[in-house]
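Novice: Sequence and computational prediction follow.
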Amino acid sequence: MENILMTFFWICVISANVLANSLPLSDSKIPLMRKHVKCPSNSTFYAPTNIKVILCMTTALDCCLKELDGKIRKECDDPHEYVDDAVEYLNVTIDEWKDSHPLTNSSQCACKRWPKTHLSHFLDKMESLLQLLNNEASF
């Protein structure tokens, strides 16, 4: 009986670890977007800045998704469809995260409060946000 309980315990621990890290950051395609997606020089996007994890994380991810799926998709040249991959990645990430951290309509979390930046800086900020999320999910 003790062996069965120990086996069950380790299965739970391993499963939880796999689920918490189910989406590696490399699947976000951020490095490939940096290299291959080209936007007009006057294109700017709201970049997540100073996000308070518990309060604004889901809303910040949703704002990044809206920028990618809306403005970046429309204005930028993406010959390899990496933006589509990033949109899918964010959809899955948001679905996993929002169960325990719902979207908020707090004015502190509003996308329009963030600075508008060029694509490279937006991607840097989005990557930092995803790293912060991965750090939170691993605890």
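Specialist: Arrived safely, thanks for sending. Numbering: from 1, shown residues only.
Novice: Show me where the protein has its helices.
Specialist: Listed in chain order, the helices of the chain (DSSP state H) span 2-20, 30-36, 53-66, 73-75, 82-98, 119-137.
Novice: Which elements pack onto the last one?
Specialist: Going back to what we said before, that points to helix 119-137. Here helix 119-137 touches helix 30-36, strand 45-46, helix 53-66, helix 82-98, going by 3 or more CB pairs under 8 Å, 6 or more residues apart in numbering; DSSP states H and E. Placement of C-beta: from N, CA and C, glycine included.
Novice: And the fifth one, by the same measure?
Specialist: For helix 82-98, the elements it packs on are helix 30-36, helix 53-66, helix 119-137, judged by 3+ CB pairs under 8 Å, 6+ apart.
Novice: and with 6 Å instead?
Specialist: helix 53-66 (3 or more CB pairs under 6 Å, 6 or more residues apart in numbering; DSSP states H and E).
Novice: centre of the chain versus the helix it packs on, how much separation?
Specialist: The chain centre lies 8 Å from the centre of helix 53-66; the measure is CA atoms, centre = their mean, to the nearest Å.
Novice: Likewise for stretch 116-130?
Specialist: The answer for stretch 116-130 is 11 Å, by CA atoms, centre = their mean.
Novice: same check, this time on stretch 78-87
Specialist: 14 Å.
Novice: Check stretch 61-76 too.
Specialist: With CA atoms, centre = their mean as the basis, stretch 61-76 stands 12 Å off its chain's centre.
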